[in-house]
Structures are given as structure tokens and as C-alpha cells.
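> 3D, please:
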Amino acid sequence: MSYPWLMFPPSDAVTPLPISVRHSLPPVLRCTAEAGRFRVMAGVIEDLAVQHAELRTLVGRCNDSDWLRGTPCEGWDVGDVLLHLAMSDELAVASARGDLDSFSEGVLGPRVENRITVDAAAAAQVASERAMGGAAIASRWDTSSLHLLAELRTGDPHREVTWISGRFSLLTLATTRLAESWIHTGDIASALGVEVVPTDRIRHIVRLAWRTLPYAFEEAGMSLSGPVALDLVGPSGDHWTYAPDDAPSTTISGSAVEFCNVAGRRIAPDSTDLVGVGPDAQTVLSLVRTYAL
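Sure, this is the predicted structure:
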């Protein structure tokens with residue numbers, strides 16, 4: 001099982017200027033920078049709402065037997081996946097409201113002191129409440145997803161919030177919620193035998209995965225040889241380039257959809273047409289992710 005909702009990247013999807021720098025900017029530039037970040041947040045929230053609508057249509061067709069269909073998430077059926085989304089959305093609402101701020105090092109506390117893995121904690125949560133049944137689960141997710149959108153729309157994208165294993169901005173929280181909703185929509189669609197057509201809203205997920213590569217390497221006890229660039233083709237056919245300020249030492253090119261599915265641990269890199277050039281190419285495709293272990 002993989003959980004994009006558990007990502008706590010070392011830097012946000014759009015890095016904010018330090019407060020001291022923002023305050024020293026001329027008013028016009030300061031307002032422009034702030035407005036840009038709010039526009040990014042609005043775009044992520046809009047795409048998250050559309051992603052929710054797609055999932056809502058899928059589960060709205062489920063009958064009693066559909067809820068029990070197995071999904072690509074090992075050991076979880078359709079109802080389990082949606083219950084997990086409902087629970088993680090509820091946690092995200094609490095985070096956005098500041099209810100988790102007392103957990104300065106994340107809900108699970110310092111990683112070195114964790115006695116339970118993230119996967120095990122999520123599985124235990126789902127197991128404890130899956131008996132409520134598909135219809136009740138669908139209602140619970142519908143409510144939690146709407147509450148999440150409401151909290152995100154009224155929040156400051158700069159504000160730091162608490163998540164599973166650390167703290168990051170509200171904008172990053174919104175992006176990780178989109179990443180998880182997208183990957184699990186695919187899981188449920190697969191179980192129901194429905195083809196979901198990818199859209200360009202995955203551009204936020206691509207950027208999240210790219211920006212968090214240093215974190216993925218750090219978690220694996222490794223370090224990058226140098227900057228990484230992405231040269232991908234989005235679902236609409238547009239080219240998406242994510243390039244560092246310095247010349248990249250490694251470049252990954254190919255399909256943005258395949259890249260997101262590799263990052264979500266749904267397909268293996270060697271089963272895609274993704275091409276990597278540079279010293280870290282193979283390791284990047286092995287470690288890239290949008291969730292924390």
C-alpha cells in the first residue's frame with residue numbers, strides 16, 4: 001500500500017520567500033509574490049475538487065458487491081480504499097484547522113521513536129472501522145472531502161501545518177491530498193473495471209514528486225550526485241519541463257502519467273517508456289515518491 005497523504009517534503013511545492021525577504025521587498029513586488037502563491041493554491045484546490053468529483057461519480061455507481069472488489073492496494077477492497085481516504089481527509093481537516101499543532105514533530109512523533117510503521121497504522125485504522133459498510137463509508141468520505149475543500153479555501157497557503165511525521169505548508173498539504181486522491185481514484189477505477197482518462201491536473205503531482213527527490217534520497221540513506229531535471233509529456237500532449245537553477249546532472253524524460261504512477265508505486269520503472277540519463281537516473285526512478293514510508 002502507498003500513501004501520498006503521508007508526505008512531508010523538505011520544501012514546498014512552491015517555496016515561499018523568507019519572511020525577512022518578503023518584508024524587505026517593495027510593496028508592489030511583495031503583493032505580486034503573495035498573489036502568485038495564492039493563485040497556485042487556488043489552482044490546486046480547483047483540481048482537487050475536480051478529482052473529488054471524478055471519484056464521487058465512480059463510487060456513486062457501486063452496489064453491495066462492488067464495495068468488496070479487490071484493488072491494487074494489497075489486502076484492501078474498494079470500501080477499504082475509500083475509508084482510508086475519508087480518514088486521511090478528516091486528519092487533513094484537523095491539520096488545516098490547527099488542531100494538530102501541539103504535535104511539533106508530527107502525529108507519529110520523532111521517527112526514531114516510532115514503534116509502528118505508517119502502513120501498519122493506516123491498515124489498523126481501516127480494519128477497525130471497515131464493518132460500517134460501503135454506503136456509510138461513501139457518506140463519510142463525501143462529508144470529509146467537502147470539509148477539506150472548505151478549510152483549504154479559507155486558509156493561508158504559507159501557514160505551516162502538522163502532518164504525520166512533520167510540518168509543512170498548507171499548500172503542500174493540499175497538493176498531497178490531490179496526489180492521494182488521484183492515485184486511489186485509479187485504484188478504485190481499476191477494481192470496478194472503469195477506465196479513467198488522465199488529465200493535466202497531475203502537473204501538481206509531478207512537481208511535488210520532483211521537489212521532494214532530496215527527501216526520498218535522504219530516507220533511503222543516499223544523496224543525489226547533482227540536480228535532477230524532468231522533461232515530460234502531459235496527458236494533453238504539452239511538454240512539461242522542471243529544471244533546477246543549476247545545470248542538471250540527471251534528466252528523466254517520458255510520460256507524465258507514467259512518472260506519477262511510478263512515484264505512486266503503481267508500476268515499476270522498467271515497465272514504462274521513461275528514460276533517464278545521468279548518474280542518478282536509475283535511483284531517481286527507484287526512489288521517487290509522493291508519500292512517506
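
> can you classify residue 99 as helix, strand or coil?
What DSSP: H, G, I helix; E, B strand; the rest coil gives for residue 99 is coil.

> and the pLDDT at it?
Note on residue 99: pLDDT of 92.

> now residue 195
96.

> quick check: phi and psi at it.
phi -90, psi 130 (degrees, to the nearest 10).

> what are the ranges of the strands in the stretch 151-293 of the chain?
Residue ranges of the strands in the stretch 151-293 of the chain, as given by DSSP state E, counting those that start in this stretch, are 160-162, 167-169, 228-233, 239-242, 250-255, 275-277.

> to residue 68, which of these lies closest?
strand 250-255 (32.4 Å; Cβ to Cβ). Backbone N, C-alpha and C define where each C-beta goes, glycine included.

> pull up the pairing partners for the closest one, direction included.
strand 228-233 (parallel), strand 275-277 (antiparallel) (DSSP bridges).

> any buried residues in the first one, and which?
Within strand 228-233, the residues that qualify as buried by neighbour count (16 or more other Cβ atoms under 10 Å) are 228, 229, 230, 231, 232, 233.

> before we move on, the earlier item: dump the strands of the stretch 151-293 of the chain to JSON lines, plus mean pLDDT and distance to residue 43.
Below are these laid out as JSON lines (pLDDT from 0 to 100; distance: least, Cβ to Cβ, whole Å):
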{"stretch": "strand 160-162", "mean pLDDT": "92", "distance to residue 43": "19"}
{"stretch": "strand 167-169", "mean pLDDT": "88", "distance to residue 43": "15"}
{"stretch": "strand 228-233", "mean pLDDT": "98", "distance to residue 43": "18"}
{"stretch": "strand 239-242", "mean pLDDT": "97", "distance to residue 43": "14"}
{"stretch": "strand 250-255", "mean pLDDT": "98", "distance to residue 43": "22"}
{"stretch": "strand 275-277", "mean pLDDT": "98", "distance to residue 43": "29"}
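
> got CSV for those strands, with distance to residue 101 too?
Below are the strands of the stretch 151-293 of the chain laid out as CSV (distance: least, Cβ to Cβ, whole Å):
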stretch, distance to residue 101
strand 160-162, 6
strand 167-169, 9
strand 228-233, 33
strand 239-242, 32
strand 250-255, 37
strand 275-277, 40
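
> residue 50 is nearest to which of those strands?
So among the strands of the stretch 151-293 of the chain, strand 239-242 is nearest, using Cβ to Cβ, at 18.6 Å.

> ok now the closest one, how far from the chain's centre?
19 Å (Cα atoms, centre = their mean, to the nearest Å).

> who are the packing partners of that strand?
helix 203-211, strand 228-233 (3 or more Cβ pairs under 8 Å, 6 or more residues apart in numbering; DSSP states H and E).

> just checking, what packs against the longest one?
Using 3+ Cβ pairs under 8 Å, 6+ apart as the contact criterion, the neighbours of helix 203-211 among helices and strands are helix 27-60, helix 170-192, strand 228-233, strand 239-242, helix 256-263.

> in JSON lines: those, plus distance to residue 125.
Converted to JSON lines, the helices and strands packed on helix 203-211 look like this (distance: least, Cβ to Cβ, whole Å):
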{"stretch": "helix 27-60", "distance to residue 125": "19"}
{"stretch": "helix 170-192", "distance to residue 125": "15"}
{"stretch": "strand 228-233", "distance to residue 125": "34"}
{"stretch": "strand 239-242", "distance to residue 125": "34"}
{"stretch": "helix 256-263", "distance to residue 125": "24"}
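
> that older thread, including distance to residue 58, could the helices and strands packed on strand 239-242 go into CSV?
Formatted as CSV, the helices and strands packed on strand 239-242 follow (distance: least, Cβ to Cβ, whole Å):
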stretch, distance to residue 58
helix 203-211, 19
strand 228-233, 26
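
> closest one to residue 262 among these?
That would be, of the helices and strands packed on strand 239-242 and by Cβ to Cβ, helix 203-211, which comes in at 8.7 Å.
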